[in-house]
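1. Sequence and predicted structure below; questions after.
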Amino acid sequence: MEKVHLLSLGCPKNLVDSELMLGALVRSGFALSLDPEEADVLIVNTCAFIDAAKRESLDAIMEAIALKPQVPGRKLVVAGCLAQRYGAELKAAFPEVDILIGTGNFLELPRLLRRTPGLLDGNKAESLYPGAAHLLPSHEMPRLLTGNPWSAYVKVSEGCNHKCSFCIIPKIRGVHQSRPLDDVVAEVKALVRSGVREVNLVAQDLTAYGRDLEPRSSLSALLRALAEIENLRWIRLLYCYPNFVTDELLRTIAELPQVVKYIDMPLQHADDQILRVMRRERSVAGLRKLLDRIRSAIPDVVLRTSFIVGFPGEGEAEFARLLDFVREQRFDRVGVFAYSREEGTAAFDLPGQVPERVKQARRRRLMEVQAEISREKNRELVGKEVEVLLESDGDCPSSGLRGRLPGQAPEIDGGVLLRGVGRAGTFVRAKIEKAFTYDLHAKIVNAVT
């Protein structure tokens, strides 16, 4: 039985693709290996969103190339967004790669690895579907979870119809397409039966979910259907595009106890001119109204957003307006990215490109402002009792357990260090004792489940 080792890079949406890829491979008779040096097949599932992600993917490919000769007949597969976007270039640059497979055809990998006649010409790498493509998940596809068994990402749609001038994703993944509501519900039910207690809904544009279905549906309708699943405790929303955050959706989030009061909503900037050039649909005044609506409907909401600094045309005045906006709005979580100039995007040839050193300096300044806000927000929690999902085991009062609050998404937000006794994958009540910039310290009061 051939052993496969897969390295997944990039976002949780790419991780879902990796888990589907592994599910298809295992069903086809391949075994998995956590050690790349023991594997007969090395797979790098790449990201190509920004320049830093491309560099990380290229580094991983070169590391795999260095490992390849150690095992006779070892195969190297490059999958995902980088292969979809730069298939021809990768084929020319890395002749050691046996298979290039994109974002729309990765479930064909088992057949390609067994070298079905006609699909591969010797060791010549082949990319089957150039251009924009995606594969919409289905509950019938086998999937192998790679993270904690109590938490899973669920991709509810693929592709994106927005024309943001900085973003290459629509040219890689294609137009927006929602999964049928019943199909998503069937997948989540299966995940819960396997022990999952938290699902994190992901998409390129989560709030557009259902608008393209016939009959038309919505994210609100999906949440209400998922909330009926027994033993599903937390449902989290990631990647909510601002334009489709409706009053109906806000009422649903507020009313359903299973939906954590957490909204991840990238805003990208807070200067009207920059937003226009970015091709974002809302003005700063519109963003303020939206944020007021969200906080009015869900008073205890945890808001996470992201911003791009150093976009073409951003001077000190525009950046100062962004800083002031962050100070004013006091977001709970903020991610900051230095603008990455991506060929094929509308912003690539814009005048007023900002030097890299200026981008990085602005990124540091904005993160410093947000760090102080985060510390203050965390200090407000000291003395309060909160629900925590445990992510490690411990059987003594000083065990150093780790967990997350409902307002802390896996992998991207901070966590809670706890004193007490508990088991990973269960929920407890804990009293917050200390607060830091991103993490909290707490004592377990009692078990919940």
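-> Great, that's in hand.

2. Tell me which stretches of the chain form helices.
-> 12-27, 51-67, 81-93, 109-113, 169-173, 181-193, 219-226, 247-255, 272-278, 284-297, 316-329, 356-379 (DSSP state H).

3. which of the residues in the last one are buried?
-> Using 16 or more other CB atoms under 10 Å as the burial criterion, the residues of helix 356-379 that qualify are Val358, Lys359, Arg362, Arg363, Arg365, Leu366, Val369, Gln370, Ile373, Ser374, Lys377, Asn378. No exception for glycine: its C-beta is placed from N, CA and C like everyone else's.

4. Same list (the helices of the chain) but as a markdown table, adding distance to Leu417.
-> Formatted as a markdown table, the helices of the chain follow (distance: least, CB to CB, whole Å):
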| stretch | distance to Leu417 |
| --- | --- |
| helix 12-27 | 24 |
| helix 51-67 | 29 |
| helix 81-93 | 35 |
| helix 109-113 | 40 |
| helix 169-173 | 36 |
| helix 181-193 | 28 |
| helix 219-226 | 30 |
| helix 247-255 | 28 |
| helix 272-278 | 38 |
| helix 284-297 | 29 |
| helix 316-329 | 27 |
| helix 356-379 | 12 |
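
5. Make a markdown table out of the ones you listed and add mean pLDDT and distance to Ser33.
-> Shown next, in a markdown table, are these (pLDDT from 0 to 100; distance: least, CB to CB, whole Å):
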| stretch | mean pLDDT | distance to Ser33 |
| --- | --- | --- |
| helix 12-27 | 96 | 11 |
| helix 51-67 | 95 | 12 |
| helix 81-93 | 92 | 22 |
| helix 109-113 | 93 | 14 |
| helix 169-173 | 92 | 29 |
| helix 181-193 | 98 | 24 |
| helix 219-226 | 98 | 34 |
| helix 247-255 | 98 | 41 |
| helix 272-278 | 97 | 43 |
| helix 284-297 | 97 | 45 |
| helix 316-329 | 98 | 44 |
| helix 356-379 | 98 | 38 |
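
6. between the ones you listed, which one is nearest to Val41?
-> Val41 lies closest to helix 109-113 among those, at 6.2 Å (CB to CB).

7. Check which helices and strands the closest one sits against.
-> Packing partners of helix 109-113 (3 or more CB pairs under 8 Å, 6 or more residues apart in numbering; DSSP states H and E): helix 12-27, strand 75-80, strand 99-101.

8. same thing but 6 Å
-> Helices and strands touching helix 109-113, by 3 or more CB pairs under 6 Å, 6 or more residues apart in numbering; DSSP states H and E, are helix 12-27.

9. wouldn't Lys431 be in contact with His441 here?
-> No. If you go by CB atoms under 6 Å, Lys431 and His441 don't touch, sitting 10.1 Å apart.

10. hey, what's in contact with both of the two?
-> Residues touching both Lys431 and His441 (CB atoms under 6 Å, 6 or more residues apart in numbering): none.

11. before we move on, the earlier item: Thr305 is nearest to which of the helices of the chain?
-> helix 316-329 (8.4 Å).

12. Contacts for that closest one next, please.
-> Helix 316-329 is contacted from outside by His269, Ala270, Asp271, Ile274, Arg362, Val369, using CB under 6 Å, 6+ apart.

13. cool, stretch 22-35 as well?
-> By CB under 6 Å, 6+ apart, stretch 22-35 touches Met1, Glu2, Lys3, Val4, His5, Ala39, Leu107, Pro110, Pro142, Arg143, Leu144.

14. Minimum pLDDT in those residues, which residue is that?
-> Lowest-confidence member of the contacts of stretch 22-35: Met1, scoring 84 (pLDDT).

15. Count the neighbours of Glu56 for me.
-> 16 (other CB atoms under 10 Å).

16. Quick check: chain neighbours aside, which residue is closest to it?
-> Of all residues not flanking Glu56 in the chain, Leu9 sits nearest, at 5.9 Å (CB to CB, 6 or more residues apart in numbering).

17. The one you found contacts Cys47, correct?
-> Yes. The criterion here is CB under 6 Å, and Leu9 meets it with Cys47 at 4.8 Å.

18. what do those two both touch?
-> Between them, Leu9 and Cys47 share the contacting residues Ser57, judged by CB under 6 Å, 6+ apart.

19. picking up where we left off before, to Ser340, which of the helices of the chain lies closest?
-> With respect to Ser340, and counting by CB to CB, the nearest of these is helix 51-67 at 4.5 Å.

20. so that closest one versus helix 12-27, what angle?
-> Using axes from the mean of the first three to the mean of the last three CA atoms, to 10 degrees, the direction of helix 51-67 lies 30 degrees away from that of helix 12-27.

21. mind checking pLDDT for the residue nearest to Glu56?
-> Looking at Leu9, the pLDDT reads 96.

22. quick one: pLDDT of Gln268?
-> On the pLDDT scale, Gln268 gets 97.

23. what sits against it?
-> Contacts of Gln268 were listed using CB under 6 Å, 6+ apart, and they are Met278, Arg280, Ile308.

24. residue contacts, the closest residue in space to it that isn't next to it in sequence?
-> Excluding the flanking residues, the one nearest Gln268 by CB to CB, 6+ apart is Ile308, at 5.3 Å. Contacts for Ile308 (CB under 6 Å, 6+ apart) come out as Gln268, Phe337, Tyr339.

25. Then Val382?
-> Ile432, Ala435.

26. What separation is there between it and Gln408?
-> Look at Val382 and Gln408: by CB to CB, to the nearest Å, they are 16 Å apart.

27. Next: Val4.
-> Going from Val4 to Gln408 by CB to CB gives 32 Å.

28. And Leu287, by the same measure?
-> 24 Å.

29. Of those two, which one has the most company?
-> Between Leu287 and Gln408, Gln408 has the larger neighbour count (other CB under 10 Å), namely 25 against 22.

30. Now for that one: which residues touch it?
-> Gly414 are the contacts of Gln408 under CB under 6 Å, 6+ apart.
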